[in-house]
Every structure is written in C-alpha cells, then in structure tokens.
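In: coords please:
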Amino acid sequence: MSAHKSKGGRGVMFVWGVPILLGALSVFGLLAALLGTGGWHWASWITLTILLVVIVRYWCFPLKH
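Out: Numbers count the residues shown, from 1 in each chain. Next up, the predicted model:
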C-alpha cells in the first residue's frame, strides 16, 4: 500500500491539498503586505481577497450531504 493512500482509498493530498494551499496563500498575502511595496500590495490584496471569497462561499452556501 502506498504511503499516500489511506484505507478508504483517498490520498493525503485529497484531504489536505486545499487547506495547505489556502494556508500558503494566506502566508504569502500577509508577508507581501508587510514586506513589499507597489506590486506586492496588489498581490497581497488579490490573495487575501481569494481567501475571503472562499470563506464567504462556504459560510453562506455550505455543502449539503
């Protein structure tokens, strides 16, 4: 059995891929806002806006099982 597969057949990246991506986006956006100027501020606004859009989407329209 592969190290990335669980008993259910879904890999680690299937479960943790999106949270890791959102965490990386938030770290990038916050560091760009603190350390950069000019274009870095735009990059910060864009990445942090993406995070807010994801939060609002899943808060207002949760997944139905």
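In: got the contact list for the residue nearest the centre of the chain?
Out: Central residue of the chain (Cα atoms, centre = their mean): Leu22, 1.1 Å from the mean position. For Leu22, the contacting residues are Leu51, Val54, by Cβ atoms under 8 Å, 6 or more residues apart in numbering. Using the backbone N, CA and C atoms, a C-beta is placed for each residue, glycine as well.
In: That one: which element?
Out: helix 12-35 (DSSP states H and E).
In: buried residues in that helix?
Out: Residues of helix 12-35 classed as buried: Leu25, Gly29, Ala32, Ala33 (neighbour count, 16 or more other Cβ atoms under 10 Å).
In: follow-up on the earlier one: how much space between the residue nearest to the centre of the chain and Gly39?
Out: 22 Å (Cβ to Cβ, to the nearest Å).
In: In the chain, where is pLDDT below threshold?
Out: Within the chain, the stretches with pLDDT under 70 are 1-9.
In: on that earlier part again, what about the residue nearest to the centre of the chain, distance to His41?
Out: Distance from Leu22 to His41, by Cβ to Cβ: 21 Å.
In: again, but for Arg10
Out: In terms of Cβ to Cβ, Arg10 sits 39 Å off from His41.
In: which ones are touching Arg10?
Out: Per Cβ under 8 Å, 6+ apart, neighbours of Arg10: none.
In: Quick check: it vs Val56, distance?
Out: From Arg10 over to Val56 (counting by Cβ to Cβ), the distance is 27 Å.
In: Thank you kindly, that will do.
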